[in-house]
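Asks: Provided below for reference: sequence and predicted model.
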Amino acid sequence: MTDHDLSRIQDIPRIQGLIKQVRLFKSLKQAFPFLKPVLKLLGIETEQMEVALAEMEVLEKKTMIISTLPDRFNNLFASRGWIAYDSFNVDVALAAVEKAEAGDPDGAEIDLIEYYNEEHTRWHLRTMQGVKAFHFRFSLAEKALDDYLNGRYHASVPIVLMLLDGLVNDVLGSKGFFSEGTDLEAWDSIAAHSTGLAVLAKILGNGRKKTTTEALSLPYRNGILHGRDLGYDNKMVAAKAWAALFAVREWAYKVEQKEVKAPLEQPAPTWRDLFRTIRDNNDQQSQLKLWHSRSLQIGLDIPASGELESYENGSPEQKLVEYFSYWHKRNYGYMARCLSISTLKPYKSEHVLAGDLANHYKMINMQSFKLIELKDVAPAATTIKVQLFCKEQGENREYTIEYRLLFENEDGKVIVRGMSKGRWGIVSPLYIFDV
């Protein structure tokens, strides 16, 4: 599917663009003493630019580490069943690489396994909702996660492998993840690089022709699902199965968005672009300094239930209440508008998403809600636990659900709460059946 072969992940446009920006920053730093008087005459504030440019060496060092990290990671761990992917924690990956390069690859692998705890695995699973072909699989994946978290690896591993294979099959409409000849590469992707998913699929799809009872270290699909590899019941195999599923998300999303091939070449960044980037970054930093987690007590600071006007304008709780009001009115089109832009991306249009919501919610009429708990977990993220009182096919039902909302700009990029042109959007759960 790719138009050209790039032997290193470091060479993909996304990472090269980052390197070019740093080089542009360096050239700007050298020219800044001469540009400063001119910028001041134009009315441009230069103080924050100076602060940003003063940290140039630190930025350059971090950029070089990040740009080479995926290749270093795959070189060390791909044969062990781990590959780099875009949403994997950079600090964890770097620590594992440094430990392995220092002569302790087994210890590094234990750290990677421990990364897939409840918090991280559940978070990665939520991001899978961005892939349309995974929506039907989410409920089963939740059951597999419950098995995994309770040490029932014999139950979780086969399910995750089946979810992985079926997801790829649905995305392509032909071959599964482990099928020979499946194209798992995509332009400008870390996981879908030639050293990533394709290599992993070959390793995990290895033919297993003998019955084995010793403990496995890899989730061999054929041996496990065909009943030949009996020693797969351990956390290492289970964690690697989850890691493979989360890595394939990056590829599946690109295929659904038709971003597998390179777009038309973009013009090189200019100094004007650089000034805009610095300004935006400074705005982010300013808002970040102002941000603090609110200590809101339900029933005292904000009502447990009420009309839209009862909640602070532009707040995440008001956005969620707005979503509930549209649900109560069965206005699925406006419900769709309350969701995160990233949630909308897998769909062809907002209208298509609204139709999907209608199919899921037409049998469930939301009667009322009660806020239970609200947490500002990050400068751009809030979780709100809610009790919902619904009518489902004439029967009263109650659901306790934790919604996650993100603050994002018009392009769907997560930004610090309070920045201009930002809005709150519901990320998860998309469907009540996913809970």
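Replies: Yep, it's here.

Asks: Got the domain ranges for this structure?
Replies: Partitioning the chain according to automatic domain parsing yields domains covering residues 9-256, 291-434.

Asks: chain center to the shortest one, what's the gap?
Replies: Pointing back at domain 291-434 there. Mean-position distance between domain 291-434 and its chain equals 19 Å (C-alpha atoms, centre = their mean, to the nearest Å).

Asks: Please apply the same query to stretch 233-243.
Replies: For stretch 233-243 - counting by C-alpha atoms, centre = their mean - the centre lies 20 Å from the chain centre.

Asks: which residues are contacting it?
Replies: For stretch 233-243, the surrounding residues in contact (C-beta atoms under 8 Å, 6 or more residues apart in numbering) are 81-83, 109, 112-113, 115-116, 121, 124, 148, 151, 153-154, 156-157, 160-161, 164, 215-219. Quick note: C-beta positions are derived from backbone N, CA and C, even for glycine.

Asks: What residues sit buried inside that stretch?
Replies: Applying a neighbour-count criterion of 16 or more other C-beta atoms under 10 Å, the buried positions in stretch 233-243 are 233, 234, 236, 237, 238, 239, 240, 241, 242, 243.

Asks: Now do residue 209, the pLDDT please.
Replies: The model reports residue 209 with a pLDDT of 89.

Asks: how much space between it and residue 200?
Replies: Summarising the geometry, the distance separating residue 209 from residue 200, computed by C-beta to C-beta, to the nearest Å, is 21 Å.

Asks: now do residue 302
Replies: As defined by C-beta to C-beta, residue 302 lies at a distance of 47 Å from residue 200.

Asks: How about residue 17?
Replies: 26 Å.

Asks: Name the residue in these two with the higher neighbour count.
Replies: The neighbour count for residue 17 versus residue 200, taken as other C-beta atoms under 10 Å, is higher for residue 200 (25 against 14).

Asks: If you average the pLDDT over the helix or strand containing that one, what comes out?
Replies: Mapping residue 200 onto the secondary structure by DSSP states H and E places it in helix 197-204. Taken as a whole, helix 197-204 carries a mean pLDDT of 97.

Asks: which strands and helices sit next to that helix?
Replies: helix 235-256 (3 or more C-beta pairs under 8 Å, 6 or more residues apart in numbering; DSSP states H and E).

Asks: Using CSV, write out every CA atom in the helix or strand in which residue 359 is found.
Replies: Taking DSSP H and E as the criterion, residue 359 maps to helix 350-361. Backbone C-alpha positions of helix 350-361 (Å, rounded to 0.1, in the frame of the first residue of the first chain) are rendered in CSV as follows:
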residue,chain,number,x,y,z
GLU,A,350,-21.9,13.6,11.1
HIS,A,351,-25.2,12.3,9.5
VAL,A,352,-23.8,8.8,9.3
LEU,A,353,-22.8,8.9,13.0
ALA,A,354,-26.2,10.2,14.0
GLY,A,355,-27.8,7.3,12.2
ASP,A,356,-25.5,4.9,14.1
LEU,A,357,-26.5,6.6,17.4
ALA,A,358,-30.2,6.2,16.5
ASN,A,359,-29.8,2.5,15.8
HIS,A,360,-28.2,2.0,19.3
TYR,A,361,-30.4,4.4,21.3
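
Asks: Quick one: list the elements packing against whichever helix or strand comes after it.
Replies: Next helix or strand after helix 350-361 toward the C-terminus (DSSP H and E): strand 364-378. Helices and strands in packing contact with strand 364-378 are listed as helix 316-328, strand 381-392; criterion 3+ C-beta pairs under 8 Å, 6+ apart.

Asks: Residue 133 is nearest to which of those?
Replies: If you check each of the helices and strands packed on strand 364-378 against residue 133 by C-beta to C-beta, helix 316-328 wins as the nearest, at 24.5 Å.

Asks: Could you pull out the buried residues of that closest one?
Replies: Buried positions in helix 316-328, judged by neighbour count with 16+ other C-beta under 10 Å: 316, 317, 318, 319, 320, 321, 322, 323, 324, 325, 326, 327.
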